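A.B. asks: please work out how this folds:
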Amino acid sequence: MIGNDEKKNINTIQNLILENRSKLSISGVLDVFSFDDQVIILETELGLLTVKGENLRINKLSIDTSEVIVEGEIFNLNYSDKDTEKKNGSFLGKIFK
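C.D. replies: Numbering: from 1, shown residues only. Modelled structure (predicted):
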């Protein structure tokens, strides 16, 4: 039997478009948890998305379309589950280990 979370993931479409490791377009963004010039943490429909790099900046943030555009030198994209992070301690604490 498929749970509600699994049904949501089946019907959810999220796009990540990375152009030349310098421009990232993300759809399905629910919230921006934190950001600075090296780490941006986004809540998306498919989990937490961490973007790491240098000189990062959010050039577009649209609540209406749930779209975010990040520009800068992008080194790493990482998804994690919100529930897993809550069980294992502070999310930000793990990023800066």
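
A.B. asks: for the chain, which strand is longest?
C.D. replies: For the chain, the strand that runs over the most residues, judged by DSSP state E, is strand 47-62.

A.B. asks: who are the packing partners of that one?
C.D. replies: Applying 3 or more C-beta pairs under 8 Å, 6 or more residues apart in numbering; DSSP states H and E, one finds that strand 47-62 contacts strand 29-35, strand 39-44, strand 67-80, helix 82-87. For glycine as for every other residue, the C-beta is placed from the backbone atoms N, C-alpha and C.

A.B. asks: how about a cut-off of 10 Å?
C.D. replies: Here strand 47-62 touches strand 16-19, strand 23-27, strand 29-35, strand 39-44, strand 67-80, helix 82-87, helix 91-95, going by 3 or more C-beta pairs under 10 Å, 6 or more residues apart in numbering; DSSP states H and E.

A.B. asks: which stretch among the ones you listed is buried most, on average?
C.D. replies: The highest mean neighbour count among these, using mean count of other C-beta atoms under 10 Å, belongs to strand 39-44: a mean of 20.

A.B. asks: need the residues that contact that one.
C.D. replies: With contacts defined as C-beta atoms under 10 Å, 6 or more residues apart in numbering, strand 39-44 is touched by 12, 14, 16, 24, 26-35, 48-53, 56-58, 61, 66, 68, 70, 72, 74, 76, 78-80, 82, 91-92, 95-96.
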